[in-house]
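Q: Got a predicted structure plus its sequence, pasted below:
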Amino acid sequence: MATTRALVVTRHGGPEVLAVEERDVAEPGPGEALVEVAAGGVNFIDVYQREGVYPTEPPYVAGFEAAGTVRAVGEGAAVAVGDRVAWSMTSGLHAELVLADSTRLLPVPDDVDLETACAATLQGMTAHALVTDCVRVQEGTVAVVHAAAGGVGQLLTQMITNRGGTVIATAGSDTKLEIARSRGASEVIDYGQSEDLAADIAAAARRLGADAGVDVVYDGVGKATFDASLASLRRRGTLVLFGAASGQVPPFDLQRLNSGGSLFVTRPSLAHYIEDRDELLMRGREVFEDISAGRLDIAIGGRHPFAEAAEAYRALEARATTGKLILVP
């Protein structure tokens, strides 16, 4: 039995409930691997759990994304000692040592460093699922990406343009709009300065030749952008609501989908798009291949030790970040 420093959610609440504690970690059993963590990702799913929006029972170890090196394995493990791995959608990853189900670990290519792999795993596979399965983006697709300077937003913008689509990006400052342009956005809108976001999106869509509205809106902001997102869609367009940085979307009348033109709304979770190991490996492989080939640039917006984790989460929740924040044990 080893011990490890871990970032613990002591009770439901804000970032102030986080504490660094010593925890026991068992030796790996059959099919398990003990991983020495090099980096852990800071994500909104951690916030939703810590606040109790997603059911949890504190105290528990935070963290849903990490990358590191395998230090020990149990019988029949799918990895070997020394392998460099990354994984996500598994709780308790903000620790120096983590006992993992080896079938959920992704091999990291030699030319991708572990911090980049960590930053790319949850958000990269999320973006991959959103543009490949939630809506199949292809040549000519016109998409809105909200919060396009954030971690997922930057990846979505790159993936959409790599597939021949066109992006209308929204963000909250001139600096963030420039980041969105650098990732390939054709039109940018400062939603903090917009008096009518739906009208501004419609005008941008017309400039791109999409007079009837956009094909898809990728909305990780939630409550503050939801109405404008729905209003921006063409007939039979799709709103992909994958987050709620501004708050959860309240219940709404489904007849709005009818009156808007037989619209679709989906609320995906990455967990449902990587349940099968073959699908998990496919998504991870394609994301890492795009990084290796230079088709996908991963922006790390900040590195924080566990002692500064509350600061990192406050920045994330205030939407004051660009790129990906990581914790470095």
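A: Happy to help now that I have it.
Q: how's this protein carved up into domains?
A: 2-122+276-327, 139-267 (automatic domain parsing).
Q: Using neighbour counts, pick out the buried residues of stretch 320-329.
A: Using 16 or more other C-beta atoms under 10 Å as the test for burial, stretch 320-329 gives 321-327, 329. C-beta coordinates here come from the backbone N, C-alpha and C atoms, glycine included.
Q: just checking, which of those belong to strands?
A: Per DSSP state E, strands hold the following members of the buried residues of stretch 320-329: 324-327.
Q: you'd agree residue 172 is up against residue 318?
A: No - under the criterion of C-beta atoms under 8 Å, residue 172 is not in contact with residue 318, lying 10.4 Å apart.
Q: Could you check which of those two is surrounded by more residues?
A: Between residue 172 and residue 318, counting by other C-beta atoms under 10 Å, residue 172 is the more crowded of the two (17 against 9).
Q: low-scoring stretches of the stretch 51-200 of the chain, by residue?
A: Scanning the stretch 51-200 of the chain for pLDDT under 70 picks out no residues.
Q: Closest one of the buried residues of stretch 320-329 to residue 290?
A: Taking C-beta to C-beta as the measure, residue 290 lies nearest residue 324 of the buried residues of stretch 320-329, at 15.5 Å.
Q: sorry, back to before: can you say which two of the buried residues of stretch 320-329 are spatially most distant?
A: Between any two of these (C-beta to C-beta), the greatest distance is 23.3 Å, for 322 and 329.
Q: now stretch 262-272, how far from the chain's geometric center?
A: Remark: stretch 262-272 is offset 15 Å from the chain centroid, using C-alpha atoms, centre = their mean, to the nearest Å.
Q: Where do the helices of the stretch 1-150 of the chain begin and end?
A: In the stretch 1-150 of the chain, the helices defined using DSSP state H, counting those that start in this stretch lie at 44-51, 114-129.
Q: Including distance to residue 74 and mean neighbour count, could these go into CSV?
A: Output for the helices of the stretch 1-150 of the chain, formatted as CSV (distance: least, C-beta to C-beta, whole Å; neighbours: other C-beta atoms under 10 Å):
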stretch, distance to residue 74, mean neighbour count
helix 44-51, 27, 20
helix 114-129, 22, 26
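Q: Please produce TSV containing these, extended by distance to residue 184.
A: Listed next are the helices of the stretch 1-150 of the chain as TSV, based on distance: least, C-beta to C-beta, whole Å:
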stretch	distance to residue 184
helix 44-51	23
helix 114-129	13
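Q: ok, the buried residues of stretch 320-329 vs residue 313, which is closest?
A: Looking at these and their distance to residue 313, the nearest is residue 325, at 8.3 Å (C-beta to C-beta).
Q: Run through who's touching stretch 256-272.
A: Here stretch 256-272 makes contact (C-beta atoms under 8 Å, 6 or more residues apart in numbering) with 88-89, 122, 125-126, 129-130, 134, 213, 230-231, 233-242.
Q: scratch that, stretch 279-289 is what I was asking about
A: 86, 104, 106-109, 112, 117, 120-121, 124-125, 128-129, 273-274, 296.
Q: ok, now with 10 Å
A: Residues from elsewhere that reach stretch 279-289 (C-beta atoms under 10 Å, 6 or more residues apart in numbering): 85-89, 103-109, 111-112, 116-117, 120-121, 123-129, 132-133, 155, 159, 270, 273-274, 276, 295-296, 298.
Q: In three-state terms, label the closest residue to residue 290 other than its chain neighbours for me.
A: In space, and not counting its chain neighbours, residue 290 is closest to residue 296: 3.8 Å by C-beta to C-beta, 6 or more residues apart in numbering. With DSSP: H, G, I helix; E, B strand; the rest coil as the basis, residue 296 sits in coil.
Q: what's the burial count for residue 296?
A: By other C-beta under 10 Å, 22 other residues sit near residue 296.
Q: buried stuff in the helix or strand hosting residue 280?
A: Following DSSP states H and E, the helix or strand that holds residue 280 is helix 277-292. The neighbour-count check on helix 277-292 (16+ other C-beta under 10 Å) flags 280, 283-284, 286-288, 290-291 as buried.
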